[in-house]
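# After the sequence you'll find the predicted model.
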Amino acid sequence: MTNISTAYNWYAIITRSRTEKKVWQHLTNLEIECYLPIFRVKRQWSDRTVWCDIPAISSYVFLRTTSIHLRSIIQHQSIVRIVSWQGEAAIIPDLQIEIMRNATEHKLHFTLETNTLKKGRYGTITSGPLKGVSGIINEIRDNNKLIIKIDQMGCDLVIDLDNTSFELKQVERGIFNKVDNKLAQKLIGA
């Protein structure tokens, strides 16, 4: 059974390859709140070096709307589908959108990966721009990539950090949920 709600939530949509900016512009023109994480990178061409704005997550755009309006909004030739979880449009928690916004604002590069989950320990980032973020630490790659699990999308957010901007500390499993809410409020500045 489909849950129909009038509450505004974040959803992820998958676009055709290299059409993220076009879809973002389409949604913006419809006056729909949307988010496309962008990184500015230097690219070397054969005759020159240029700065390019590229999507942080290929083929993904995030939008905030109601489940009632979701299906009618995505009628665009470059939108492939809505990300779903167990047959329903996957609701992305506000906190996870804020984490992505905070990471891009502080120029921390990240990727979205699937099939990298490994059961790990609970931890908290203790320094740097993401100070206070808690979660299940699935993996640390190359000593400078932190992976945060996003259950609703069935994938991991992989954030590139330089070696000096973070430390991890063990958090007891019994107190994790109590600690997580306080730290989440710190991250979004509430």
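Happy to help now that I have it. Numbering: from 1, shown residues only.
# Helix or strand: which one has the residue lying closest to residue 83 once chain neighbours are set aside?
What sits nearest to residue 83 in space, not counting adjacent residues and going by C-beta to C-beta, 6 or more residues apart in numbering, is residue 12, at 4.0 Å. (C-beta placed from N, C-alpha, C; glycine too.) When secondary structure is defined using DSSP states H and E, the element that contains residue 12 is strand 9-15.
# counting contacts, what elements does that strand pack onto?
The helices and strands touching strand 9-15, judged by 3 or more C-beta pairs under 8 Å, 6 or more residues apart in numbering; DSSP states H and E, are helix 20-29, strand 60-65, strand 79-82, strand 91-92, helix 94-105.
# what packs against the last one?
With contacts defined as 3+ C-beta pairs under 8 Å, 6+ apart, the secondary structure elements packing on helix 94-105 are strand 9-15, strand 33-35, strand 155-160, helix 176-187.
# what do you get if the cut-off is 10 Å, keeping everything else the same?
In terms of contacts (3 or more C-beta pairs under 10 Å, 6 or more residues apart in numbering; DSSP states H and E), helix 94-105 is packed against strand 9-15, strand 33-35, strand 38-44, strand 60-65, strand 110-113, strand 145-150, strand 155-160, helix 176-187.
# Great, nothing more from me.
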